[in-house]
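Chemist: Test case, fold it:
(chains A and B)
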Amino acid sequence: MNARTDTPTERRIILRHADDPNYSNRIQCYLREGGYETLKKAFSMKPEEVGEEVLKSGVRGRGGAGFPAGMKWKFLDRKSGKPIYLICNADESEPGTFKDRQIIYKDPHQLIEGMMISAYAIQAKQAFIYVRAEFHEGARILDRAILEAKERGYCGDNVLGSGYGCDIVVHRGAGAYICGEETGLIESLEGKRPNPRIKPPYFPAVLGLYHCPTIVNNVETLCNVRHVIEMGGDAFARIGKPNNTGTRIWCVSGQVMKPGYYEFECGALTLGQMIFEVCGGLRPGRSLKAVIPGGSSAKVLRADERFTGTHKDGTDYDWGLEDVPLDFDGPMAAGSMSGSGGIIVMDDTVDVVEAMANVNAFYAHESCGQCTPCREGSLWMRKITQRMCSGEARPEDPDLLLSIARQIEGRTICAFGEAAAWPTQSFVSKFKEEFVRKSSASPEPRNEKSPQLI
Amino acid sequence: MIAPEHKPTDLIAVNLNGAEVEVPEGINVVEAAALHGSEVPHYCYHPKLSVAGNCRMCLVEMGTPIRDRSSGELILEEDGSPKIGWVPKPVIGCATTVTPGMHIRTESPLVSECREGIMEFLLVNHPLDCPICDQAGECSLQEFATDYGRGYSRYVERKNVKPKRTRLGPRVTLDDERCILCSRCIRFCQEVAKDDVLGFVDRGSFSTLTCFPGKELSNNYSLNTVDLCPVGALTSTDFRFKMRVWFLKETPGICTESSAGCNTLVSSREGVVQRITPRRNDRVNDAWMTDSGRELYKAVKSENRILRPSVNGMDHTMDGAIAQAVELLAGRKIGVVASCRSTVEEQFLVKRLADCLSAKVFLRGHFGADDGILLSSDRTPNLRGALAVDLFDLYPSDHLKDLNEDLAAGNLDGLLVMGEDLVDAGVSEVNLAKAPVVFLGAHHNGTSRSAAVVLPGLSVFEKAGSFINRSFFLQGFESAVPGPVGLRPEWKTLSSIFESISGESLALNDLRSLWELISEDGDSVLAGIKFSDLAGKSFQINGERWSHLPFVERQALHFEPLSSEP
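Modeler: Below you'll find the predicted structure:
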């Protein structure tokens, strides 16, 4: 355990009103709490100044990749003269992640205000919220909230009498994981199958929605924009740690006593504190086995692993799993990623091969089928792990799984290839003995087959 | 050394597998490597379709020279060569455009490993039913599996099962299990045929190709999807299970369906044409042709084929029939009905013969609707050939009104007809009966049945020759199959008649010697052309002197009308 013993306290910025029984998702509530004042502040600034504040704040994308939002906006192709689109990615579908849902259901106006500020900053002509298909109620809440905002002139034509107008359209998603991939989402929004696009040439900032420059930001990121403008970029940058600014919402699931969403300043606590203090620890008599720190596509971390290396600033680190700081760079330094903030905790009752089979089943089901490695590899891995779990494991299966994952990684159109490959790579290499044990425990070892000609 | 400045020829220098080579600007890595003898295997990429980048077979290593951020100058290695920043992941060659100084590795351990991996993935759910697959022998999966595959399978799971015979349209049948989901057919229908009917349904490895609800793949270009299909998924319902492709002899042909002049490959075995597929020509038909054009080979075995010469309805020897024809034609007022379906060589000889007989020449055209792609309104392959050999100087009509009038007025004592049906062209049977007809053609029609002398000709698949298409490209074709026993090509028959009537010897041994005659005339647009120039090529003829004629073709693939008047 880390030397820090004081239980860190949450700092709720985005989820400030999430659990307030006196707060509803109606605009009256939002206005009562100072809502849309920041929008007025933003509209008193020049669009470039708003963008500059966001750049200064260092706010990084909360969708998974952690790319600085201000930098993303800078990539917009403004020379083409084509209309610019803003899309809010509310397709939250990474297993283990449920943060955007809280915002949409409980505080939709925060998102709308953040979107209008962002739209103004990039001078978007039209904004969309691409909302996960399963958020039926969420889509209705957003629709109503947009209507409320429009009635009061915070959205739509001529916002706050400024002459600038931007409408927000709620688009119900197509019910697939791949719809959350930036370019797949754009295809889906265009009414097509959400096959991700090849990059180059289809970088959204240049050739996005309808081949126009487009910015796609996560719900939490856009909400952060509101707070960046409210407190100023420099002030925001002082929250958290350098290069890991602001707060993050962590969604803890799995075998902890108190799973749920928790908002902390970046780097304010370690993974160990999160599990054992904030979430009330494991169930009695259980011990920690593994943690996936950033949604199911992040690499798994093993409880007894040591993570050593050197930070960019030259300091060395030597962490156990519980010492990994919860920010963007911490899980990255441990060889995984903070991804979408979905922390999945597994205790010693978990059969990792079965956990692996579960993850593989998800990726095989959700692969869009466009490009070969992910399409065939994900299903193949699913078939192998499924077979291993039904008592037909072979000694060579772990190595085969690793080889398949290696054949997928880095060779696909979108990052889904990595998302499908990384769990397998990490599970099999870190828990190899359990995978090998499966084969010796198989009641009827599958007959060795001589290599077949293909 | 790297030469970043552009040369006048727009060639740029790139480094391919360690060798400095020059390639045209703007092309992709797959094409650039092919120019220098390095194959980059690919499935979804097709040079005539948009880039999808989904098969991932063309993964290569790519790097560009690193420049100093502030000064913009190249950073050099110790030996003075530019330092190369290799992209950490392999990139797809089809979507990577070459840039000056780019370094490409198409042969490296990583690239080989990528190809092995992709091949393995493509085959894990492939049925491996090559022994019954039509594509076997011309299948990219087979070729790349042997060239780049691992050679053995590590797959012990059950394969996916999919439908084996889905009817996508009247001419195309889909075997879903073989499909590698490259989307070439979908892109073809969207981009070339402009008939967006195909799409994928379901997800992941269970994705299948299908027609949209209520639609079918029935456009006149549907069989191109079969050619495009890199595997045996899309099959021609006509050709399915008929022939192993390795038995086929391929002969370059020209489609006779319309003046588009699609370049074709005529595949035959043991003297029987089995199928016609397009031959790529980037100035004429890209890699496409119509479905209707592919059916034309069936005319070779048609019931109304003329298999024997006849005189007054009685079978005759060829030489005897020619002698009868000469007797009918010599010294009379003759009308010659030429055809836009004859080859340039035949039209040239018809012209000679008409001049020698001082005959009046009629030319019949055939017209239909223009689809704006590769089926033009001029439904003959060689109208411009008749113009080029000076056989006719007006624009033909499909109605031979003048001929009907001349016959009615008794101006003509005899007719030489090149395969055309005069009844169909508006000549009344009463008028036709007024002059004896010498008919030279491959198929019977209303005119041949009442002709005094019928001289059989060969179908376009049985002879060699050339046509001039709508863009004034002179294109040669070769004989794919032998003609029926005892029949000779039209040019031989025509030269025999000419020689008998004129008493002059043309000394024609073959088409080469005929072309020496054709290209003799310095004023002709065909001057100086040799028959050997035409083999498998498109020879641009200057058509300006006919720009006043009301050509009917409208703008289409690789075709701009000369004159705008209809």
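Chemist: tell me the contacts of A:Leu269?
Modeler: A:Pro8, A:Glu277, A:Val278, A:Pro325, A:Leu326 (Cβ atoms under 8 Å, 6 or more residues apart in numbering or on different chains). Where you see a C-beta, it was placed from the backbone N, CA and C, and this is true even at glycine.
Chemist: hmm, 10 Å instead?
Modeler: For A:Leu269, the contacting residues are A:2, A:4, A:6-10, A:250, A:262, A:277-278, A:325-327, by Cβ atoms under 10 Å, 6 or more residues apart in numbering or on different chains.
Chemist: Of those residues, which is the most crowded?
Modeler: The member of these surrounded by the most neighbours (other Cβ atoms under 10 Å in any protein chain shown) is A:Leu326, with 28 neighbours in all.
Chemist: just to revisit the earlier point, give me the subset of the contacts of A:Leu269 touching chain B.
Modeler: The subset of the contacts of A:Leu269 within reach of chain B, counting by Cβ under 10 Å from any Cβ of the partner chain, is empty.
Chemist: between the residues you listed, which is closest to chain B?
Modeler: A:Asp327 (24.6 Å; Cβ to the nearest Cβ).
Chemist: So that closest one is in contact with A:Phe264, correct?
Modeler: Yes - the criterion here is Cβ atoms under 10 Å, and A:Asp327 meets it with A:Phe264 at 9.1 Å.
Chemist: who touches both of the two?
Modeler: A:Gly240, A:Arg248.
Chemist: Share the number of residues neighbouring residue 339, please.
Modeler: No chain specified, so I'll use chain A. A:Gly339 has 27 nearby residues by other Cβ under 10 Å.
Chemist: Switch to chain B, please.
Modeler: 27.
Chemist: Kindly list the main-chain dihedrals of B:Gln555?
Modeler: Phi and psi for B:Gln555, reported as degrees, to the nearest 10, are phi -60, psi 140.
Chemist: Which strand or helix spans B:His253?
Modeler: Careful, residue B:253 is Gly; it's not His. According to DSSP states H and E, B:Gly253 maps onto strand B:249-254.
Chemist: Give the pairing partners of that strand; include direction for each.
Modeler: strand B:263-269 (antiparallel) (DSSP bridges).
Chemist: check contacts around the residue lying closest to B:Phe531 once chain neighbours are set aside.
Modeler: Closest residue to B:Phe531 apart from its sequence neighbours, by Cβ to Cβ, 6 or more residues apart in numbering or on different chains: B:Trp515 at 3.9 Å. By Cβ under 10 Å, 6+ apart, B:Trp515 lies in contact with B:344-345, B:348, B:466, B:476, B:508, B:526, B:529-534.
Chemist: Separate out the buried members of those.
Modeler: Using 16 or more other Cβ atoms under 10 Å in any protein chain shown as the burial test, those include B:Val344, B:Glu345, B:Phe348, B:Ser466, B:Gly476, B:Leu508, B:Leu526, B:Ile529, B:Phe531, B:Leu534 as buried.
Chemist: contacting residues around residue 255?
Modeler: Picked chain A for this. A:275, A:279, A:282-283, A:286, A:288-289, A:344-350 are the contacts of A:Gln255 under Cβ under 10 Å, 6+ apart.
Chemist: that's the other chain; I wanted chain B
Modeler: B:261-264, B:266, B:276, B:278-279, B:284-285, B:289-290, B:292-294, B:296, B:374-375, B:381, B:460, B:467, B:469, B:475, B:477.
Chemist: Could I get the pLDDT score of it?
Modeler: Listed pLDDT for B:Cys255 reads 97.
Chemist: distance of it from chain A?
Modeler: 35 Å (Cβ to the nearest Cβ, to the nearest Å).
Chemist: quick one, helices of the stretch 201-350 of chain B?
Modeler: B:223-228, B:291-294, B:318-329, B:344-357 (DSSP state H, counting those that start in this stretch).
Chemist: before we move on, back to that, buried residues in the strand holding B:Gly253, which are they?
Modeler: B:Thr251, B:Pro252, B:Gly253, B:Ile254.
Chemist: How about stretch B:110-119?
Modeler: Here stretch B:110-119 shows B:Val111, B:Glu113, B:Cys114, B:Arg115, B:Gly117, B:Ile118, B:Met119 as buried, counting by 16+ other Cβ under 10 Å.
Chemist: The third one contacts A:Arg411, correct?
Modeler: Yes - with the criterion set as Cβ under 10 Å, B:Cys114 and A:Arg411 qualify as a contacting pair; they are 6.0 Å apart.
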